[in-house]
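*Asks:* Turn this into a structure:
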Amino acid sequence: MVIDYNLKLQTFVERLTTDMKQSLKTKGYLSQVDDCYAYFESGRKYDKILVSHAGGKSVRYFVDRKDGAVYGARSRLAPNMKWYFGTVDTQDKWWWGDFHAIPLEGANVIVVGQYAGYTRYMPV
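*Replies:* As a prediction, the model looks like this:
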């Protein structure tokens, strides 16, 4: 079971990297494409998903080790449980190229609010 979770987490990080690079190419930031990648750091309850871009790094998401749920980052140390982005099992139903993920058709989420131009979702 742990091996299965770790494989899904690695696949999620690769998908995040691919979507971010595609977004940069679409926006015309070709010089930044090679410098952009995602990686994870394991934690006790949550795995931290970090993004390295343009010489800096930031925590973007947290993945609950118990059920694979993906949450936005409240800070570099804690997840924000109000920002839900599916699970590592449903990663293919989201577009990860923007600052916050955007659900694609079949993501099984509903809109519960907006904050600073970003939309919040919760599972159906």
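*Asks:* Helices along the protein, start to end?
*Replies:* Secondary structure of the chain by DSSP state H: the helices cover 2-27.
*Asks:* What residue in it is the furthest from its centre?
*Replies:* Ser31 (22.7 Å; CA atoms, centre = their mean).
*Asks:* Look up how far Gln114 lies from Ser75.
*Replies:* Separation of Ser75 from Gln114 (CB to CB, to the nearest Å): 21 Å. Just so you know, the C-beta spots here come from the backbone N, C-alpha and C atoms, and that holds for glycine as well.
*Asks:* And the strands in this protein?
*Replies:* Secondary structure of the chain (DSSP state E): strands at 37-41, 46-53, 56-64, 69-73, 79-87, 94-95, 102-103, 109-115, 118-123.
*Asks:* The second one pairs with which strands?
*Replies:* Taking DSSP bridges as the criterion, strand 46-53 sits next to strand 37-41 (antiparallel), strand 56-64 (antiparallel) in its sheet.
*Asks:* okay if I get the ones you listed as CSV plus mean pLDDT, mean neighbour count and distance to Leu50?
*Replies:* Shown next, in CSV, are those (pLDDT from 0 to 100; neighbours: other CB atoms under 10 Å; distance: least, CB to CB, whole Å):
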stretch, mean pLDDT, mean neighbour count, distance to Leu50
strand 37-41, 95, 17, 6
strand 56-64, 95, 19, 5
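*Asks:* surely Tyr118 meets Phe99?
*Replies:* Yes - if you go by CB atoms under 8 Å, Tyr118 and Phe99 touch, sitting 7.3 Å apart.
*Asks:* contacts for stretch 6-21?
*Replies:* 33, 36-40, 47, 49, 51, 53, 60-61, 63, 68, 70, 88-89, 91-92, 95-97 (CB atoms under 8 Å, 6 or more residues apart in numbering).
*Asks:* Give me the nearest residue to the most centrally placed residue in the chain, chain neighbours excluded.
*Replies:* For the chain, the residue nearest the mean C-alpha position is Tyr61 (5.0 Å; CA atoms, centre = their mean). Using CB to CB, 6 or more residues apart in numbering and skipping the chain neighbours, the partner closest in space to Tyr61 is Ile49 (4.0 Å).
*Asks:* What separation is there between that neighbour and Val63?
*Replies:* Ile49 is 6 Å from Val63, by CB to CB.
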